[in-house]
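In: sequence below, structure please.
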Amino acid sequence: MNAWIAYWNILKKDIRNYYLKPPNISWGIIFPLSWTLMQFIRTPQAGAAEAKQLLPGLMSMSVLFGTTSMLAVTITFERRGRSFDRLLLAPISITAMVLAKISGAVLFGVVMAFLPALLAAFITDLSGISWGMGIISVLLMSITSTLLGLAIAVSSKEVFEAQTYSNFFRFPMLFLSGLFIPIDNLPVFLQPISYCLPLTYGVDILNKAITNTGIMNVWFDCLVLIGISILLFCFCLWNIKKKWIL
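Out: Numbers count the residues shown, from 1 in each chain. Okay, here's the model as predicted:
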(Lines give C-alpha, C1' and ligand atoms only; values in the text may rest on other atoms or scores of the structure.)
Protein backbone atom coordinates (compact mmCIF):
# COMPACT_ATOMS: atom_id res chain seq x y z
CA MET A 1 0.00 0.00 0.00
CA ASN A 2 2.84 2.43 0.84
CA ALA A 3 4.36 1.77 -2.59
CA TRP A 4 1.08 2.66 -4.31
CA ILE A 5 0.72 5.84 -2.25
CA ALA A 6 4.27 6.87 -3.14
CA TYR A 7 3.66 5.98 -6.81
CA TRP A 8 0.53 8.12 -6.99
CA ASN A 9 2.11 11.11 -5.23
CA ILE A 10 5.19 11.06 -7.46
CA LEU A 11 2.98 10.88 -10.56
CA LYS A 12 0.71 13.66 -9.32
CA LYS A 13 3.68 15.90 -8.49
CA ASP A 14 5.20 15.43 -11.95
CA ILE A 15 1.90 16.25 -13.67
CA ARG A 16 1.45 19.37 -11.55
CA ASN A 17 5.02 20.67 -11.71
CA TYR A 18 6.43 19.70 -15.10
CA TYR A 19 3.75 19.46 -17.78
CA LEU A 20 3.81 23.21 -18.46
CA LYS A 21 7.53 23.90 -18.11
CA PRO A 22 8.83 26.02 -21.05
CA PRO A 23 11.12 23.32 -22.55
CA ASN A 24 8.27 20.84 -22.50
CA ILE A 25 5.85 23.34 -24.05
CA SER A 26 8.27 24.22 -26.87
CA TRP A 27 9.43 20.72 -27.82
CA GLY A 28 6.68 18.50 -26.46
CA ILE A 29 3.60 20.52 -27.43
CA ILE A 30 4.26 23.41 -29.82
CA PHE A 31 6.65 21.63 -32.20
CA PRO A 32 4.50 18.54 -32.96
CA LEU A 33 1.31 20.63 -32.99
CA SER A 34 2.74 23.21 -35.40
CA TRP A 35 4.14 20.46 -37.62
CA THR A 36 0.72 18.81 -37.69
CA LEU A 37 -1.02 22.05 -38.64
CA MET A 38 1.58 22.76 -41.33
CA GLN A 39 1.03 19.34 -42.92
CA PHE A 40 -2.75 19.67 -42.87
CA ILE A 41 -2.95 23.18 -44.35
CA ARG A 42 0.01 23.18 -46.79
CA THR A 43 -2.22 21.97 -49.66
CA PRO A 44 -5.85 22.73 -48.84
CA GLN A 45 -7.21 21.05 -51.98
CA ALA A 46 -5.51 17.73 -51.24
CA GLY A 47 -5.74 18.10 -47.47
CA ALA A 48 -8.73 15.82 -46.98
CA ALA A 49 -7.27 13.13 -49.21
CA GLU A 50 -3.81 13.24 -47.65
CA ALA A 51 -4.77 13.71 -43.99
CA LYS A 52 -5.43 10.03 -43.39
CA GLN A 53 -2.13 9.08 -45.03
CA LEU A 54 -0.22 11.59 -42.91
CA LEU A 55 -1.95 10.69 -39.65
CA PRO A 56 0.24 7.68 -38.61
CA GLY A 57 3.41 9.73 -38.99
CA LEU A 58 2.01 12.77 -37.21
CA MET A 59 0.72 10.71 -34.29
CA SER A 60 4.05 8.89 -33.96
CA MET A 61 6.01 12.14 -34.06
CA SER A 62 3.78 13.65 -31.39
CA VAL A 63 4.41 10.64 -29.14
CA LEU A 64 8.18 10.78 -29.70
CA PHE A 65 8.61 14.49 -28.97
CA GLY A 66 6.05 14.59 -26.17
CA THR A 67 7.51 11.73 -24.14
CA THR A 68 11.20 12.49 -24.59
CA SER A 69 10.66 16.18 -23.80
CA MET A 70 8.69 15.31 -20.66
CA LEU A 71 11.46 13.09 -19.25
CA ALA A 72 14.19 15.56 -20.20
CA VAL A 73 12.40 18.20 -18.13
CA THR A 74 11.35 16.00 -15.21
CA ILE A 75 14.61 14.18 -14.53
CA THR A 76 17.07 17.00 -15.21
CA PHE A 77 15.16 19.57 -13.13
CA GLU A 78 15.00 17.13 -10.24
CA ARG A 79 18.67 16.21 -10.55
CA ARG A 80 19.62 19.87 -10.42
CA GLY A 81 17.36 20.51 -7.45
CA ARG A 82 18.54 17.31 -5.69
CA SER A 83 14.91 16.19 -5.29
CA PHE A 84 15.61 13.04 -7.29
CA ASP A 85 18.31 12.16 -4.75
CA ARG A 86 15.69 12.40 -2.02
CA LEU A 87 13.45 10.03 -3.96
CA LEU A 88 16.30 7.52 -4.09
CA LEU A 89 16.43 7.63 -0.29
CA ALA A 90 12.69 7.10 0.07
CA PRO A 91 11.48 3.74 1.44
CA ILE A 92 10.29 2.51 -1.96
CA SER A 93 12.04 0.32 -4.51
CA ILE A 94 13.92 1.93 -7.37
CA THR A 95 11.70 0.00 -9.78
CA ALA A 96 8.53 1.53 -8.31
CA MET A 97 10.09 4.98 -8.32
CA VAL A 98 11.14 4.70 -12.00
CA LEU A 99 7.70 3.40 -12.96
CA ALA A 100 6.13 6.42 -11.26
CA LYS A 101 8.49 8.80 -13.07
CA ILE A 102 7.77 7.36 -16.51
CA SER A 103 4.01 7.01 -16.06
CA GLY A 104 3.40 10.74 -16.41
CA ALA A 105 5.40 10.90 -19.63
CA VAL A 106 3.59 7.84 -21.04
CA LEU A 107 0.25 9.48 -20.27
CA PHE A 108 1.42 12.75 -21.81
CA GLY A 109 2.56 10.93 -24.95
CA VAL A 110 -0.78 9.16 -25.36
CA VAL A 111 -2.67 12.46 -25.04
CA MET A 112 -0.37 14.20 -27.54
CA ALA A 113 -0.75 11.32 -30.01
CA PHE A 114 -4.47 11.84 -30.40
CA LEU A 115 -4.29 15.60 -30.96
CA PRO A 116 -3.44 15.08 -34.67
CA ALA A 117 -6.31 12.61 -34.91
CA LEU A 118 -8.64 15.21 -33.40
CA LEU A 119 -7.51 17.82 -35.93
CA ALA A 120 -7.76 15.33 -38.79
CA ALA A 121 -11.36 14.56 -37.84
CA PHE A 122 -12.32 18.08 -38.95
CA ILE A 123 -11.04 17.63 -42.51
CA THR A 124 -11.46 13.96 -43.34
CA ASP A 125 -13.55 10.91 -42.54
CA LEU A 126 -11.82 8.73 -39.94
CA SER A 127 -14.29 5.86 -40.14
CA GLY A 128 -12.77 2.47 -40.85
CA ILE A 129 -9.81 3.01 -38.54
CA SER A 130 -9.02 0.15 -36.18
CA TRP A 131 -8.90 2.24 -33.01
CA GLY A 132 -8.10 -0.72 -30.77
CA MET A 133 -4.96 -1.47 -32.75
CA GLY A 134 -4.15 2.23 -32.87
CA ILE A 135 -4.40 2.61 -29.08
CA ILE A 136 -2.13 -0.41 -28.56
CA SER A 137 0.40 1.07 -30.98
CA VAL A 138 0.31 4.50 -29.33
CA LEU A 139 0.71 3.00 -25.86
CA LEU A 140 3.68 0.81 -26.86
CA MET A 141 5.35 3.69 -28.71
CA SER A 142 4.78 5.96 -25.74
CA ILE A 143 6.42 3.45 -23.39
CA THR A 144 9.46 2.86 -25.61
CA SER A 145 9.92 6.57 -26.35
CA THR A 146 9.58 7.42 -22.67
CA LEU A 147 12.22 4.88 -21.71
CA LEU A 148 14.49 6.19 -24.46
CA GLY A 149 14.01 9.68 -23.04
CA LEU A 150 14.76 8.39 -19.55
CA ALA A 151 17.95 6.73 -20.76
CA ILE A 152 19.06 10.08 -22.18
CA ALA A 153 17.89 12.15 -19.21
CA VAL A 154 19.70 10.10 -16.57
CA SER A 155 22.94 10.75 -18.47
CA SER A 156 22.41 14.54 -18.60
CA LYS A 157 22.83 17.26 -16.00
CA GLU A 158 20.87 20.11 -17.61
CA VAL A 159 17.67 20.37 -19.61
CA PHE A 160 19.41 21.80 -22.67
CA GLU A 161 21.85 18.86 -22.65
CA ALA A 162 19.02 16.34 -22.49
CA GLN A 163 17.10 18.10 -25.27
CA THR A 164 20.21 18.30 -27.43
CA TYR A 165 21.04 14.63 -26.95
CA SER A 166 17.40 13.74 -27.62
CA ASN A 167 17.53 15.51 -30.96
CA PHE A 168 20.33 13.21 -32.09
CA PHE A 169 17.78 10.40 -31.88
CA ARG A 170 14.52 12.19 -32.64
CA PHE A 171 15.31 13.90 -35.93
CA PRO A 172 16.91 10.87 -37.62
CA MET A 173 13.82 8.88 -36.60
CA LEU A 174 11.62 11.39 -38.45
CA PHE A 175 13.23 10.32 -41.72
CA LEU A 176 14.25 6.72 -41.07
CA SER A 177 11.23 5.23 -39.27
CA GLY A 178 8.75 5.40 -42.14
CA LEU A 179 6.85 8.32 -40.64
CA PHE A 180 6.64 10.30 -43.87
CA ILE A 181 9.03 8.48 -46.23
CA PRO A 182 8.30 4.76 -46.79
CA ILE A 183 11.24 2.60 -45.76
CA ASP A 184 11.29 0.97 -49.20
CA ASN A 185 11.99 4.40 -50.74
CA LEU A 186 15.08 4.97 -48.58
CA PRO A 187 18.57 4.19 -49.90
CA VAL A 188 19.42 0.51 -49.45
CA PHE A 189 22.24 1.22 -46.99
CA LEU A 190 19.86 3.13 -44.69
CA GLN A 191 17.09 0.55 -44.57
CA PRO A 192 18.85 -1.74 -42.01
CA ILE A 193 19.14 1.28 -39.68
CA SER A 194 15.39 1.82 -39.95
CA TYR A 195 14.70 -1.65 -38.61
CA CYS A 196 16.88 -0.95 -35.57
CA LEU A 197 14.67 1.98 -34.50
CA PRO A 198 11.74 1.22 -32.17
CA LEU A 199 9.57 3.90 -33.76
CA THR A 200 9.61 1.96 -37.04
CA TYR A 201 7.52 -0.80 -35.50
CA GLY A 202 5.04 1.56 -33.86
CA VAL A 203 4.55 3.43 -37.14
CA ASP A 204 4.00 0.12 -38.91
CA ILE A 205 1.18 -0.82 -36.51
CA LEU A 206 -0.42 2.61 -36.95
CA ASN A 207 -0.18 2.30 -40.72
CA LYS A 208 -1.97 -1.02 -40.49
CA ALA A 209 -4.63 0.42 -38.19
CA ILE A 210 -5.28 3.64 -40.11
CA THR A 211 -4.43 3.00 -43.78
CA ASN A 212 -4.06 -0.80 -43.83
CA THR A 213 -0.58 -0.47 -45.38
CA GLY A 214 1.68 -2.07 -42.75
CA ILE A 215 4.62 -4.07 -44.06
CA MET A 216 5.17 -6.38 -41.08
CA ASN A 217 3.06 -8.62 -38.90
CA VAL A 218 1.32 -6.67 -36.12
CA TRP A 219 2.18 -9.24 -33.47
CA PHE A 220 5.83 -9.13 -34.50
CA ASP A 221 5.80 -5.33 -34.20
CA CYS A 222 4.28 -5.58 -30.72
CA LEU A 223 6.82 -8.17 -29.54
CA VAL A 224 9.72 -6.04 -30.80
CA LEU A 225 8.41 -2.96 -29.00
CA ILE A 226 7.87 -4.92 -25.78
CA GLY A 227 11.38 -6.39 -26.02
CA ILE A 228 12.95 -2.97 -26.61
CA SER A 229 10.98 -1.55 -23.67
CA ILE A 230 12.29 -4.26 -21.34
CA LEU A 231 15.88 -3.70 -22.49
CA LEU A 232 15.62 0.08 -22.06
CA PHE A 233 14.01 -0.28 -18.63
CA CYS A 234 16.77 -2.60 -17.43
CA PHE A 235 19.42 -0.24 -18.83
CA CYS A 236 17.86 2.75 -17.03
CA LEU A 237 17.76 0.88 -13.72
CA TRP A 238 21.37 -0.20 -14.15
CA ASN A 239 22.44 3.35 -15.05
CA ILE A 240 20.68 4.86 -12.02
CA LYS A 241 22.17 2.32 -9.65
CA LYS A 242 25.65 2.73 -11.10
CA LYS A 243 25.82 6.54 -11.39
CA TRP A 244 23.51 7.82 -8.68
CA ILE A 245 23.76 5.31 -5.85
CA LEU A 246 27.12 5.06 -4.11
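
In: any idea how far Val138 is from the closest residue to Gln53 other than its chain neighbours?
Out: Leaving aside its sequence neighbours, Gln53 sits nearest to Thr211 (C-beta to C-beta, 6 or more residues apart in numbering; 6.1 Å). Glycine gets a C-beta too; all of them are placed from N, C-alpha and C. With the distance defined as C-beta to C-beta, to the nearest Å, Thr211 ends up 15 Å from Val138.

In: those two: which has the busier surroundings?
Out: Val138 (27 against 15; other C-beta atoms under 10 Å).

In: surely the residue nearest to Gln53 touches Glu50?
Out: No: counting by C-beta atoms under 8 Å, Thr211 sits too far from Glu50 to count as a contact (11.1 Å).

In: so where does the residue lying closest to Ser145 once chain neighbours are set aside fall, helix or strand?
Out: Counting by C-beta to C-beta, 6+ apart, Ser145 lies nearest to Thr67, which is 4.1 Å off, once chain neighbours are set aside. Assigned by DSSP states H and E, Thr67 belongs to helix 44-80.

In: would you mark the buried spots in that helix?
Out: Within helix 44-80, the residues that qualify as buried are 47, 50-52, 54-79, counting by 16 or more other C-beta atoms under 10 Å.

In: stretch 147-165 now?
Out: Buried, per 16+ other C-beta under 10 Å, within stretch 147-165: 147-154, 156, 159, 162-163, 165.

In: read off the pLDDT value for the residue nearest to Gln53.
Out: With respect to pLDDT, Thr211 has a value of 83.

In: what values do phi and psi take at it?
Out: Main-chain dihedrals, Thr211, degrees, to the nearest 10: phi -120, psi 0.
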